[in-house]
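Just to be clear, the model below is a prediction. Sequence and coordinates:
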Amino acid sequence: MTKEVNPTDPATIPKFVDELPKPVTVKPKYYKGQQRKDYYELKMMQAEHCFHKDFPKSIIWGYNGLYPGPTIEAKKDKSIYVRYKNQLPSKHFLPVDFTLHAANDSQEVRTVTHLHGANVDWESDGHPEAWYTRDYAQTGPKFNNEIHEYTNHQPGTTLWYHDHAMALTRLNVYAGLAGFYLLRDSLEERSNLPYGDYEYPILIQDKSFNEDGSLFYPDEPPFPVPVHPSITPGFVGNTIVVNGKVWPYLNVEPRKYRFRFLNGSNRRGYVISLSNDEPMIQIGTDGGFLTAPQEIQSVELLPAERTDVIVDFSSWEGQEITLINSDEDIIDEHTRVIMQFNVCLPLKCEDTSEIPERLAVSMDLHSHDAHIERHLPLTATTDDFGRPMLLLNNRMYHDPATEKPALDSIEIWNFMNATQFDHPIHLHLIQFKILERRPFDMELYQNEGRLEFTGPPEKPHNYEQGWKDTVKAEAGKVTKIIMHWKDHVGHYMWHCHFLEHEDHDMMRPILVMKDVHPVQEPHAEIQHQEIEHSPEQHHEDPTIVTGNNEHTVPLLNNTQYITTTEEKIEYSYASPLQTAKLEEEIDYIPQTIPLLTSTQNITHSTETTYLEDEIDYNPQTIPLLTSTQNITRSPDTAYLEDNVEYNQLSAPLLNTTQPITFSNVERLEHKVTDIESIPQPIFPSTEFQPPRQRIATRRRRRWY
């Protein structure tokens with residue numbers, strides 16, 4: 001290292017002096033037997049790596065001791081088997097926060113590998129609780145198999161594998177545990193795209209260094225906390241590392257090249273473009289090829305997002321073109337630059353590669369086919385140590401699963417981002433399409449729990465038109481996506497892919513279930529009067545209610561009351577046989593919650609009170625009430641209706657001005673006696689949270 005270069009100061013680090021390396025491709029071993037199966041072994045090892053020609057070598061953790069890890073190439077519909085062996089030290093070289101889930105009572109070094117974007121059985125998905133230590137000495141509660149089976153039943157695309165251990169993902173990925181997984185199919189072979197020496201996977205990450213060239217990662221946030229080491233709400237480095245090199249260059253021929261860009265950073269986003277203002281040709285997104293190539297001037301990638309582009313250098317001979325980052329969130333003069341292309345190599349042979357007119361056949365999903373529409377808020381709170389903590393659906397990781405899609409069902413998810421910052425939301429197992437984004441009044445939602453749109457729906461960006469597994473949930477907007485849950489059942493995840501957020505409870509389980517009824521009946525649609533629009537908006541498109549799914553009862557308006565009086569009950573003196581027949585004809589709506597309007601009343605008589613104290617209200621079997629509906633009960637069915645046991649997950653979220661009145665229902669009073677026993681939405685307002693949970697406004701920008 002020369003005296004002038006200080007790894008801690010990016011201004012002293014020369015740019016474009018290291019050539020961009022291409023990750024090596026790993027070769028499979030084989031099982032013995034009649035059918036030869038592709039089998040890979042990758043060892044997670046501590047090694048030394050040189051990030052820059054003027055840096056000393058740094059300690060990294062890598063698959064096979066390499067950073068990035070070796071590229072796995074697979075073919076569509078041909079299964080492969082991979083064993084990721086943990087050969088790491090027992091102590092981490094980066095600061096571990098032992099107050100996080102699984103970290104306080106487990107080994108310091110744990111790993112499990114997730115193939116990001118893969119259609120895979122859950123036991124091979126890399127569940128964060130399927131972690132294991134060196135030589136499998138200790139394993140997590142969801143650990144089942146040492147060998148991951150990847151069936152590759154999905155279109156060809158750019159996937160990547162990375163560590164996913166509970167509470168350690170941010171450290172293990174930053175240490176180097178990440179690599180490419182390129183899935184190829186027949187469409188790619190027929191399309192005559194650039195390949196071989198003219199195809200590059202590009203892993204972009206940001207890092208900071210200590211003076212000795214070792215990796216720097218903070219051991220505390222930029223504000224006082226009583227925990228040390230402590231997780232920080234978001235880490236960004238002061239240099240850009242591409243395929244393991246700081247600000248590298250690539251010498252290219254004047255011809256077409258294919259680049260598979262991946263944002264592998266912990267927190268930083270990138271808006272990628274070329275310095276000569278020429279367009280790139282986008283051919284694919286997270287989940288595979290577009291239906292047709294399209295010209296784009298730039299593409300935004302939040303952590304875990306990928307894009308597949310072709311850059312034609314044929315008319316730029318002799319030029320030096322910089323790959324620019326124009327993201328305005330966290331930027332400076334140094335992180336504005338990613339790498340450089342030098343069009344200086346002679347053309348080896350004629351460029352016969354093509355940019356086809358069409359690529360994948362359209363397989364769009366349609367909103368009218370959706371069985372369930374979920375409404376999922378993204379909110380902010382603080383943990384027991386006063387640190388900011390982001391939540392999905394107002395719940396922490398360990399809370400029971402609330403997202404339980406049925407196998408072979410189509411669902412629509414609405415991410416209602418009530419925080420001040422964008423979040424990249426990743427769903428395991430499936431690829432989805434982005435339908436729209438729509439702004440809403442955040443202050444109204446935070447203070448009163450009501451969703452009021454302030455603008456029309458916005459179409460996805462031009463570079464988001466294809467299949468995705470990670471989406472930018474923009475602050476102050478409802479981001480709507482649609483997906484098809486198919487092929488696999490079991491335990492999966494959805495989470496923010498800002499790795500510090502993910503490790504600190506912005507992650508929730510998904511339980512894909514078989515043999516359950518997924519259909520949401522037409523009359524279960526959200527009623528229009530539950531949404532308020534600003535006066536200048538007059539939109540006729542479907543509306544969305546407040547942040548709840550089928551496991552939480554919608555917020556009630558101030559004019560809604562639940563009353564119990566004996567005058568409004570209509571009795572039906574039916575025989576048990578008639579009653580049974582009647583019950584068979586009632587259309588109960590699965591997985592939906594009743595929407596109560598201002599004119600609706602739920603009434604009970606004194607003759608039905610005994611049974612209401614015993615019944616378990618199941619939110620998946622409660623019918624939708626309209627303003628004109630009456631509930632009729634016969635004495636024969638009274639026993640089943642009176643034994644009500646209120647479940648915490650199905651109790652309504654009530655505004656402070658909403659009264660609940662009961663008359664002549666004395667036995668029910670011990671079930672709902674205290675408004676504080678009903679779960680409330682988690683908002684940063686002091687009206688809904690203790691004062692210690694309020695997040696100081698002046699610090700918010702530094703936290704995320």
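Arrived safely.

how about the strands in the stretch 201-350 of the chain?
Along the stretch 201-350 of the chain, the stretches classed as strands by DSSP state E, counting those that start in this stretch are 215-216, 239-242, 245-246, 249-252, 256-263, 270-274, 280-285, 288-296, 299-301, 306-312, 320-325, 337-343.

Now render those as CSV, adding distance to Thr12, mean pLDDT and mean neighbour count.
For glycine as for every other residue, the C-beta is placed from the backbone atoms N, C-alpha and C. CSV is the format used below for these (distance: least, CB to CB, whole Å; pLDDT from 0 to 100; neighbours: other CB atoms under 10 Å):
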stretch, distance to Thr12, mean pLDDT, mean neighbour count
strand 215-216, 15, 98, 20
strand 239-242, 11, 98, 24
strand 245-246, 12, 98, 23
strand 249-252, 18, 98, 19
strand 256-263, 26, 98, 21
strand 270-274, 23, 98, 21
strand 280-285, 32, 98, 22
strand 288-296, 35, 98, 18
strand 299-301, 28, 98, 22
strand 306-312, 30, 98, 22
strand 320-325, 19, 98, 19
strand 337-343, 15, 98, 20
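
Among the ones you listed, which comes closest to Ala178?
Nearest to Ala178, of all the strands of the stretch 201-350 of the chain, is strand 256-263, at 8.7 Å by CB to CB.

what's the spacing between that closest one and its chain's center?
How far strand 256-263 lies from its chain's middle: 23 Å, per CA atoms, centre = their mean, to the nearest Å.

Please name every helix or strand in contact with that strand.
strand 157-163, strand 178-184, strand 199-209, strand 299-301, strand 306-312 (3 or more CB pairs under 8 Å, 6 or more residues apart in numbering; DSSP states H and E).

quick one: stretch 422-435 to chain centroid distance?
6 Å.

tell me how far the ends of that stretch are from each other?
Taking CA to CA, to the nearest Å, the first and last residues of stretch 422-435 lie 17 Å apart.

what is the mean pLDDT for it?
In this model, stretch 422-435 carries a mean pLDDT of 98.

I'd like to know which of the strands of the stretch 201-350 of the chain is closest to Asp9.
Closest among these, using CB to CB: strand 239-242, at 9.9 Å.

Mind listing residues that contact the closest one?
Strand 239-242 is contacted by residues 10, 13, 20, 51, 202-209, 246-248, 325, 334-335, 337-339 when judged by CB atoms under 8 Å, 6 or more residues apart in numbering.

redo that, cut-off 7 Å
Strand 239-242 has contacts (CB atoms under 7 Å, 6 or more residues apart in numbering) with 10, 13, 20, 51, 202-208, 246-248, 334-335, 337-339.

and it, which strands flank it?
strand 199-209 (antiparallel), strand 245-246 (antiparallel) (DSSP bridges).

the helices in the stretch 51-200 of the chain, which residues?
169-175, 186-191 (DSSP state H, counting those that start in this stretch).

can you list the ones you listed in a markdown table and add mean neighbour count?
What follows is the helices of the stretch 51-200 of the chain, written out as a markdown table (neighbours: other CB atoms under 10 Å):
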| stretch | mean neighbour count |
| --- | --- |
| helix 169-175 | 24 |
| helix 186-191 | 15 |
